[in-house]
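>>> got a predicted model here, sequence first, then my questions.
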Amino acid sequence: VQLVESGGGLVQPGGSLRLSCAASGFTFSSYAMSWYRQAPGKERELVAAIGSAGGSTNYADSVKGRFTISRDNAKNTAYLQMNNLKPEDTAVYYCKALKRRPTTSDYWGQGTQVTVSS
């Protein structure tokens with residue numbers, strides 16, 4: 001089982017990045033996907049989540065209107081489009097796969113660094 005994030009980097013305030021999370025080793029279309037982030041000295045927090053079929057999404061208040069989560073089940077990949085980035089978005093971003101039935105099963109990626117700075 002693998003979740004591999006990519007697309008992080010250094011961007012100026014107001015800029016955009018698109019993160020990708022490529023999955024392998026499990027039935028991707030059966031899992032809800034989410035993005036979390038963790039800034040230095042802070043707890044990991046949920047940024048956005050999407051249902052297994054892509055029909056439902058939810059976002060942290062701090063990113064609503066700026067970030068968009070999506071998925072392509074044919075490519076076993078989830079995405080996080082981040083626009084109008086702010087310095088406070090600086091963090092390591094992780095993707096997570098979660099399935100609750102018949103038993104709970106979850107997987108995490110290794111993370112990708114996003115730095116927003118001028």
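Noted; the coordinates are in hand.
>>> give me the phi and psi for the residue nearest the centre of the chain.
The centroid of the chain falls nearest to residue 35 when counting by CA atoms, centre = their mean (2.7 Å). Dihedral pair for residue 35: phi -120, psi 130, per degrees, to the nearest 10.
>>> can you check residue 60 too?
phi -70, psi 150.
>>> list the contacts of it.
45-48 (CB atoms under 8 Å, 6 or more residues apart in numbering). C-beta here means a position set from N, CA and C on the backbone, and glycine is covered the same way.
>>> and what of residue 110?
Applying CB under 8 Å, 6+ apart to residue 110 gives the contacts 3-5, 94.
>>> wait, is it part of a strand?
No: Residue 110 is assigned coil when assessed by DSSP: H, G, I helix; E, B strand; the rest coil, not a strand.
>>> how near is it to residue 49?
From residue 110 across to residue 49, the span is 19 Å (CB to CB, to the nearest Å).
>>> with residue 94 instead?
From residue 94 to residue 49 the distance is 13 Å (CB to CB).
>>> give me the common contacts of the two.
residue 35.
>>> residue 54 - how many residues pack around it?
Around residue 54 there are 16 other residues, counting by other CB atoms under 10 Å.
>>> now it, nearest residue through space, not along the chain?
Leaving aside its sequence neighbours, residue 54 sits nearest to residue 71 (CB to CB, 6 or more residues apart in numbering; 5.1 Å).
>>> wait, doesn't that neighbour sit right on residue 80?
No: applying CB atoms under 8 Å as the test, residue 71 and residue 80 come out as separate, 10.2 Å apart.
>>> out of the two, which sits in the busier spot?
Ranked by neighbour count (other CB under 10 Å), residue 71 and residue 80 place residue 80 first, with 27 against 23.
>>> what sits closest to the more buried one if chain neighbours are left out?
Among residues not flanking residue 80 along the chain, residue 19 sits closest, at 4.3 Å (CB to CB, 6+ apart).
>>> now do the helix or strand hosting that neighbour: distance to the chain's middle.
Residue 19 is located in strand 17-24, with elements delineated by DSSP states H and E. Centre-to-centre, strand 17-24 and its host chain are 8 Å apart (CA atoms, centre = their mean, to the nearest Å).
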